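Peer 1: Okay, sequence plus prediction incoming.
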Amino acid sequence: METNKRWYREVTNRGGGAYAVGGYVRDELLEVENRDVDFVVTGVPMDDLAEIMEADEYSVDLVGKVFGVLKATSPGGNVPMDLALPRKEISTGDGHKDFDIEFDHNLPIEDDLSRRDFTINAMAVNIGDNWDPDLIIDPFGGKTDIENKVIRTVGDPIVRFTEDPLRMLRAAQFAARFGFTIHSDTLWAMKWMAPKIQTVSPERISAELIKLLKLSDTPSVGLQILVDTGLMNHIIPEFMASIGFDQQNRHHDLPVDKHVFKVVDHASRRGFSISVRVAALLHDIAKPSTFSIDEDGNGHFFGHEKESAEIAKDIMERLKFSASEEFPRGGTDLVYTLIRRHLVPVKRNSTDKSIRRWMRKVGEPWIVQELLNLREADSFAHAAGSDIGGIEILRARVEENANVPLTQRDVDIDGHVIHDRTGATGKEIGDIKNRLLEMVVAGEVENNSETLTEVLQEMFVSR
Ligand code: CTP
């Protein structure tokens, strides 16, 4: 690691120590890729540490100084490493903001580990040691919990969750990501303290939800934990009506929540984008509120795609999804579109003309691809089993039609509508269609019958 570096030798010469902590040790034991490495340096005050790093030609950023964190970038490097002084949280009340973080270079590493969330995240290795599981500093049994695949808080879960209620969501995220179960005491505390999640900022909640959807192959494990502990009720209350909701429809053998979870898992396993995964989670959220039953006893959800898109937009805005670095710019609009159009009206045997029309309606080719991904995940979770073969053929048909230029026939408006609105007949109808085609090709108007009819109306009225 950094043991051959001058800075490390200088820290140890001064009686200090440097440790890799938290997620790094956990991920090494799990033999999964590390996302980043956090270091804790003991025994050296912050200003001295900055000097030591600079003497070793690191550039030092002290923006996190008040929190006891120094960012140091190696000569020629571009990713700074985080060096933190050991910290202790001192609770000053019962809210998660009611505590002071105190850092003190004289604190032993064990004290720093004792303020961490879960035993699996509360281990350290001295970076001077070779990697050897026997040398891991593990005061709370993290190694055993990793072996037994258990998420358990360091000490009293009520205290840990009071310090930061977001940790309850983190527990669900880690369980889903690593296939672990949550220890019964920890789980009990999550149920007890679920309402406290409301004191956490929306940005932090959505960032953790995004992590759950992004880093796990089976986010459903975490989503189910959110439901079972009552956390979901406080994060996305709109989802609660889906739980156990019987669709009474031959296309569905699962209640809405279980169907949705299956769609989300498929999207994750296939590595689809985060927008598709968020859309998967929210695509049927209005099914319960739009449910109707016909005289033959079949359930229907007319308009649920539009209603779900609206609700999804509210949720994403409320939880400030767009603030997350992991959520793409314009992600809210994309998720809206994906949900709005998730009932893909074309099939593998549709005509070229209708496939093209549908593609123009959806928008740019990459959005069509995203929509097909959502469609694949959705059909995978339908009763008849997967129609993945169908989707593959549809993908190929879309590919074939992608570069075909628009013709007058692709303009999404009927001749008789033009006649009704304008009185035009014969060749005049063709001329009007051509004018509309030009506007569509120029990107001035969308190629859908509603918009085109409005445009026609304006042209006609202004005549
Ligand atoms: N931590 C904590 N409580 C939190 C967040 C973090 O105790 N609410 C501690 C844990 O020890 C964690 C470390 O800070 O291991 C770093 O946190 P973070 O970077 O958020 O997560 P990692 O555990 O490193 O995992 P990831 O791979 O998801 O980054």
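Peer 2: All right, it came through fine.
Peer 1: Would you point out the helix or strand in the chain whose mean pLDDT is lowest?
Peer 2: Using mean pLDDT, DSSP states H and E, the weakest-scoring helix or strand in the chain turns out to be strand 87-91, at a mean of 71.
Peer 1: which one is whatever residue of the stretch 251-400 of the chain ends up closest to the ligand nearest to, not counting chain neighbours?
Peer 2: When scored by CB to the nearest ligand atom, the stretch 251-400 of the chain has residue 326 as its residue closest to the ligand, at 11.2 Å. C-beta here means a position set from N, CA and C on the backbone, and glycine is covered the same way. Nearest non-adjacent residue to residue 326, counting by CB to CB, 6 or more residues apart in numbering: residue 210, 4.9 Å away.
Peer 1: picking up where we left off before, tell me how many other residues crowd the residue of the stretch 251-400 of the chain closest to the ligand.
Peer 2: 14 (other CB atoms under 10 Å).
Peer 1: just residue 135 next, same as before
Peer 2: Around residue 135 sit 12 other residues, with neighbours defined as other CB under 10 Å.
Peer 1: Let me see the ranges of the helices in the stretch 251-400 of the chain.
Peer 2: Using DSSP state H, counting those that start in this stretch, the helices of the stretch 251-400 of the chain run over residues 256-269, 274-282, 287-290, 304-318, 331-340, 352-362, 365-380, 388-402.
Peer 1: Enumerate every residue touching the residue most central in space within the chain.
Peer 2: Nearest to the mean C-alpha position of the chain, by CA atoms, centre = their mean, lies residue 210 at 2.2 Å. Counting by CB atoms under 8 Å, 6 or more residues apart in numbering, residue 210 makes contact with 274, 278, 321, 324, 326-327.
Peer 1: got it, and residue 383?
Peer 2: 250-254.
Peer 1: how close does it sit to residue 314?
Peer 2: Plainly put, residue 383 is 30 Å away from residue 314 if you go by CB to CB, to the nearest Å.
Peer 1: got the contact list for the closest residue to residue 358 other than its chain neighbours?
Peer 2: Excluding the flanking residues, the one nearest residue 358 by CB to CB, 6+ apart is residue 346, at 4.8 Å. When contacts are counted by CB under 8 Å, 6+ apart, residue 346 touches 354-355, 358, 394.
Peer 1: And residue 88, by the same measure?
Peer 2: For residue 88, the contact set (CB under 8 Å, 6+ apart) comprises 101-104, 107, 111-112, 114-115.
Peer 1: So residue 11, which state does it fall into?
Peer 2: Under the three-state scheme (DSSP: H, G, I helix; E, B strand; the rest coil), residue 11 adopts helix.
Peer 1: Report the contact partners of the residue of the stretch 251-400 of the chain closest to the ligand.
Peer 2: Here residue 326 is in contact with 207, 210-211, 214, 274 (CB under 8 Å, 6+ apart).
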